[in-house]
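Visitor: Need a 3D model of the sequence below.
(one chain, ligands or ions: 2)
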Amino acid sequence: MGLTLKAHGKINLTLDVLSRRPDGYHEVEMIMQGIELHDTLQIEALPGEIILTASGLPVGCDENNLIIKAARLLQQFSGTGWGARIHLHKEIPVAAGLAGGSTDAAATLVGLNELWQLGLTQEQLSELAVKLGADVPFCLRGGTAIARGIGEKLIQLPPAPKFGVILVKPSFGVSTAEVYQGLNLNNLGRRPDLAAMVEALQTGSLAAVSEQLANVLESVTLRLYPELQEIKETLARAGCRGVLMSGSGPTIFGLTEDAAAAAVLARQLTLPGCQVVATAIF
Ligand SMILES: C[C@@](CO)(OP(=O)(O)O)[C@H](O)COP(=O)(O)OP(=O)(O)OC[C@H]1O[C@@H](n2ccc(N)nc2=O)[C@H](O)[C@@H]1O
Ligand SMILES: Nc1ncnc2c1ncn2[C@@H]1O[C@H](COP(=O)(O)OP(=O)(O)O)[C@@H](O)[C@H]1O
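Guide: Ligands and ions are numbered 1, 2, ... in the order given. A predicted model of the protein is given here:
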């Protein structure tokens with residue numbers, strides 16, 4: 001008996017950094033949004049070992065893969081004798097700011113909790129999730145949420161309007177740790193207005209939501225990679241209403257009225273060397 005799970009990516013509609021903690025992490029305040037684009041995990045329980053294989057976009061299947069880390073963490077926590085055979089089909093670009101690894105880890109926790117019949121609560125899973133990464137607790141639930149703390153303190157919001165989303169991922173990846181380290185907390189550029197974005201989401205207006213998009217990590221990543229500014233301008237010129245970098249980058253996303261508009265627009269874009277994906281708010 002096995003399970004097939006969809007592990008959805010995310011974008012950040014707002015991202016603000018409030019302070020640097022003594023442990024090097026940062027207190028954030030952001031609105032996280034799940035997207036249709038997803039990886040697929042097929043999981044079967046088997047005695048003892050954890051075996052991972054992958055297809056789709058290239059990704060390593062060794063001990064560094066967050067799927068293996070999640071499975072081992074759950075084995076240790078529960079003391080179970082079970083193992084698993086897991087196949088990952090990767091569609092979310094890697095090291096992109098789209099939480100691809102985090103969402104695979106979250107799906108692994110959910111899937112193995114069920115297959116191994118551990119009966120862990122959502123809260124227990126969330127406590128394990130944050131040990132794997134700051135974005136993993138959000139990925140357990142998905143949807144639309146305010147995230148605070150290092151990203152693990154979540155307040156679920158009503159589902160967002162189903163806007164279309166165009167993702168543009170340049171050929172390079174960025175290190176999230178380096179981007180946070182590069183921040184100058186006294187010079188963050190335009191800061192988001194969280195309350196105004198929550199209100200904009202409630203109105204359902206693409207124009208209102210687009211106006212409130214803001215991410216202070218752009219102050220680091222766009223300085224390191226000026227070509228990202230050109231991608232933003234290309235998306236805006238092509239007709240995307242709101243354009244922003246997701247998370248620590250380098251993916252730039254653009255919003256359209258719906259998924260069909262995103263698909264049409266994505267086909268018209270010429271961005272050599274970039275992965276362009278049309279998807280939607282999930
Ligand atoms: C920036 C965001 C926005 O959603 O996403 P991504 O760009 O990674 O998708 C997150 O804050 C990233 O979350 P995640 O990628 O899970 O972070 P982790 O693996 O826990 O941490 C990677 C490194 O980023 C830094 N980090 C992360 C989160 C945070 N609140 N403060 C930090 O300073 C730390 O240096 C940490 O060592
Ligand atoms: N299952 C996984 N999918 C993608 N990346 C993974 C996975 N497990 C570990 N990683 C590693 O995690 C790092 C961050 O990847 P990812 O989660 O895709 O990016 P981001 O945190 O920017 O959204 C990459 O360097 C990648 O090698």
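
Visitor: Next, count neighbours for the closest residue to Ala260 other than its chain neighbours.
Guide: Spatial nearest neighbour of Ala260, excluding adjacent residues (CB to CB, 6 or more residues apart in numbering): Gly164 at 7.0 Å. To be clear about C-beta, it is placed using only N, CA and C from the backbone, and glycine gets the same treatment. Here the number of neighbours of Gly164 (other CB atoms under 10 Å) works out to 25.

Visitor: State the distance from Gly164 to ligand 2.
Guide: Gly164 sits 21 Å away from ligand 2, going by CB to the nearest ligand atom, to the nearest Å.

Visitor: likewise Gln275?
Guide: Counting by CB to the nearest ligand atom, the separation of Gln275 from ligand 2 is 12 Å.

Visitor: Tell me what that residue is bridged to.
Guide: Using DSSP bridges, the bridge partners assigned to Gln275 are Lys169.

Visitor: Please tell me the pLDDT value assigned to it.
Guide: On the pLDDT scale, Gln275 is placed at 95.

Visitor: rewinding a little: can you report phi and psi for the residue nearest to Ala260?
Guide: Per-residue torsions, Gly164: phi -80, psi 150 (degrees, to the nearest 10).

Visitor: That one contacts Val264, correct?
Guide: No - in this structure Gly164 lies outside contact range of Val264 using CB atoms under 8 Å: 9.1 Å.

Visitor: wait, what's in contact with Pro47?
Guide: Pro47 is in contact with 81-83, counting by CB atoms under 8 Å, 6 or more residues apart in numbering.

Visitor: So which of those residues are in strands?
Guide: Among these, DSSP state E puts 82-83 in strands.

Visitor: Using PDB, write down the CA coordinates of the helix or strand in which His89 is found.
Guide: Assessed by DSSP states H and E, His89 sits inside strand 82-90. Provided in PDB are the C-alpha atoms of strand 82-90 (Å, rounded to 0.1, in the frame of the first residue of the first chain):
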ATOM      1  CA  TRP A  82       9.600   1.200   9.600                       C
ATOM      2  CA  GLY A  83      11.400   2.600   6.600                       C
ATOM      3  CA  ALA A  84      10.200   3.700   3.200                       C
ATOM      4  CA  ARG A  85      10.800   3.700  -0.600                       C
ATOM      5  CA  ILE A  86      10.100   7.300  -1.900                       C
ATOM      6  CA  HIS A  87      10.100   8.500  -5.500                       C
ATOM      7  CA  LEU A  88      10.300  12.200  -6.000                       C
ATOM      8  CA  HIS A  89       9.200  13.700  -9.400                       C
ATOM      9  CA  LYS A  90      10.700  17.200  -9.300                       C
END
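
Visitor: tell me which strands and helices the longest helix seen in the chain is in contact with?
Guide: Under DSSP state H, the helix in the chain containing the largest number of residues is helix 100-115. Identification of packing neighbours for helix 100-115 by 3 or more CB pairs under 8 Å, 6 or more residues apart in numbering; DSSP states H and E yields strand 2-20, strand 26-47, helix 66-78, strand 82-90, helix 122-132, helix 136-141.
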